[in-house]
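Undergrad: next one to model:
(one chain, ligands or ions: 2)
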Amino acid sequence: MDPNRVIIFDTTLRDGEQSPGISLNTTEKLEIAHQLARLGVDVIEAGFPIASPGDFQAVQAIAREVHGPVIAGLARAHAADIERAAEAVKDAERPRVHTFISTSDIHIQHQLQSTREDVLGQARAAVAHARSLVDDVEFSPMDATRADVDFTAEVLQAAIEEGATTINIPDTVGYAMPIEYAAFLAGLYERVSGLKDVVLSVHCHNDLGLAVANSFAGLQAGARQVECAINGLGERAGNASLEEIVMLLKTREEHIGFETGVNTREIARTSRLISRLTGYGVQPNKAVVGRNAFQHESGIHQDGVLKERSTYEIMSAASVGFDDTNSIVLGKHSGRHALQSALSDLGYEVTGQTLNQAFKRFKEIADKKKQVTAMDLEALVTDELRTDEGAYTLEWFDVEASSRRPPHATVEIKTPAGETVRGDFTGDGPIDAIFRAINAATTREVKLRDFRIDAITSGQDALGEASVVLELSGQNASGQGVSTDIIEAAALAYVRALSNVERKVLTAAESAETDEPVLTQTP
Ligand SMILES: CC(=O)SCCNC(=O)CCNC(=O)[C@H](O)C(C)(C)COP(=O)(O)OP(=O)(O)OC[C@H]1O[C@@H](n2cnc3c(N)ncnc32)[C@H](O)[C@@H]1OP(=O)(O)O
Ligand SMILES: CC(C)C(=O)C(=O)O
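TA: Ligands and ions are numbered 1, 2, ... in the order given. A predicted model of the protein is given here:
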């Protein structure tokens, strides 16, 4: 492999999904994985198969249906985790098992309640077991950057001896500084003779806002795989943002000399898809994918850009796919062929009944909106994906709003059991009234944790996109909804969040009942 080629390992579906409130179903994960393949990532970490039957099913579906990238499944250093991960990825063109165990004393003493010696044995046994099931095995010493470099090196030496093909160095709690992280990797290269023969990888968290800087320092120290997530999603403050690291390598390619296989023109669309399906909006001033990233507000900047864009732009909006997404594509007189072709241009191959359903939805929107843009179509298709069997569905609603009386809402909901229930409520505002009417209909004691509504495009007839996060029995989950009517968008988002949070509570209860055997230390 070209020594300057950097492997992009996307962990949006695994570490990204660990962000509070995100719960993606298999259809949504598949759609994301297909888009990641279109984006050109090299590895998709599709999930943590032992975590739940749903996670296993999603990883398996991705392994079977998504072609191109390596498909990886995460596993603790437990036999059952490794077997479950290997089983989930086995049908992929190129399956990988990623196993990990901590090497820091803080984790060994307090979390694992174990000893260095035991961890060394578990790491060795885990990699050997994984290698007996798949050829491609990645090993991570969790919390490595707070660990003793000599002990971490000893564990890595064992992992390499047992056949690990990639060694990943996580800055699990986002504690490292770039100079320190690079020095840590250099220290490992000095101590572990086999490290130069495997791929060295970086996995940095953003607790101090240094995830991308640390990842880049790691590449300069010799790593050639970066673990990252779209929109920087991930546990706590997130992971290194894929779009930032990729655009850093591309924009400064002449200076740095590294390249990736990413088609950067797919970045903006991938970011929007993830944002919609996870309910995690992108802050306007986010590097690369924020809506202000290519906008110039002040007079002097505008003057410069009008004369020559490079005066204030180091990369173009087009290079990340922001160019023509607002161009008008369809109107109310367009037919199925035009819709199918526009969707195909957006990367969605839609036929048969799905096309008919999308067409019906498109006509409803086109009747209300003069122009249906590519961004609207993307939102509609993503919204269709959320139609989920075994979930609550909103049958109809009435909302009476007035400045003279408190608003009143009535809803009819179909429950996962197929029963039709009705509820009504007089609330503080029309959204509050409809949310509480849904609670009354479903008799669920959920807490509203977050509610957001955004316009997809500009103008009075813009589609509204609502996102709701609900809490039930200590679990959080989000739901999203799209409509030209913001009350409908909010109600759709609410019933989907309700379905997702109930499913999460059930899954948590099921996995609490599972008990898996632990790998024993090799002599
Ligand atoms: C840094 C990271 O991002 S690591 C990945 C984190 N991701 C997740 O945890 C998401 C999915 N997790 C889950 O669904 C659950 O935690 C499960 C199914 C994996 C495990 O659930 P439970 O069996 O109930 O265990 P729980 O999560 O409460 O505790 C973790 C256990 O794993 C142990 N453990 C943690 N990491 C490792 C490891 N790498 N190797 C071996 N054991 C480990 C802990 O010491 C603890 O063991 P204990 O039960 O003997 O005290
Ligand atoms: C499992 C490992 C790679 C991880 O996510 C971390 O340490 O942050």
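Undergrad: ligand 1 contacts on the stretch 51-200 of the chain?
TA: 51, 76, 77, 78, 100, 101, 111, 112, 142, 172 (Cβ under 6 Å from any ligand atom). Any C-beta I mention is one placed from the backbone N, CA and C, and that applies to glycine too.
Undergrad: again, 8 Å this time
TA: Of all the residues in the stretch 51-200 of the chain, those in contact range of ligand 1 (Cβ under 8 Å from any ligand atom) are 51-52, 55, 74, 76-78, 81, 99-102, 107, 111-114, 122, 126, 142-143, 170, 172.
Undergrad: among those, name the buried ones.
TA: Neighbour counting with 16 or more other Cβ atoms under 10 Å marks 51-52, 55, 74, 76-78, 81, 99-102, 107, 112, 114, 122, 126, 142-143, 170, 172 as buried within those.
Undergrad: how about the residues of the chain near ligand 2?
TA: The chain comes close to ligand 2 at residues 11, 14-15, 74, 98, 100, 140, 142-144, 168, 170-173, 203, 205, 227, 234-235, 239, as judged by Cβ under 8 Å from any ligand atom.
Undergrad: find the nearest non-adjacent residue to residue 330, please.
TA: For residue 330, the nearest residue in space outside its immediate sequence neighbours is residue 372; the separation is 4.6 Å by Cβ to Cβ, 6 or more residues apart in numbering.
Undergrad: and the pLDDT at the one you found?
TA: Here the pLDDT value assigned to residue 372 is 86.
Undergrad: ends of stretch 138-157, what's the gap?
TA: The separation between the terminal residues of stretch 138-157, taken as Cα to Cα, to the nearest Å, is 13 Å.
Undergrad: residue 207 reaches residue 175, doesn't it?
TA: Yes. When contacts are counted by Cβ atoms under 8 Å, residue 207 is listed as touching residue 175 (7.0 Å).
Undergrad: in strands, which of the residues of the chain next to ligand 2 fall?
TA: With DSSP state E as the criterion, strands contain 74, 98, 100, 140, 142, 168, 170, 171, 203, 227 from among these.
Undergrad: just give me the neighbour total for residue 198.
TA: Residue crowding around residue 198 was assessed by other Cβ atoms under 10 Å; the count is 19.
Undergrad: who's in contact with it?
TA: By Cβ atoms under 8 Å, 6 or more residues apart in numbering, the contact set of residue 198 is 160, 164, 165, 166, 167.
Undergrad: for those, which one is nearest residue 300?
TA: The shortest distance between residue 300 and any of the contacts of residue 198, using Cβ to Cβ, involves residue 166 and amounts to 47.6 Å.
Undergrad: which residues touch the residue in the stretch 351-500 of the chain that ligand 1 sits nearest to?
TA: The nearest approach of the stretch 351-500 of the chain to ligand 1 comes at residue 475, 11.8 Å away (Cβ to the nearest ligand atom). Listed by Cβ under 8 Å, 6+ apart, the contact set of residue 475 reads 501, 504, 505, 508.
Undergrad: now do the contacts for the residue nearest in space to the middle of the chain.
TA: Ranked by distance to the mean C-alpha position of the chain (Cα atoms, centre = their mean), the top residue is residue 12 at 3.3 Å. When contacts are counted by Cβ under 8 Å, 6+ apart, residue 12 touches 32, 36, 229, 230, 231, 233, 242, 274.
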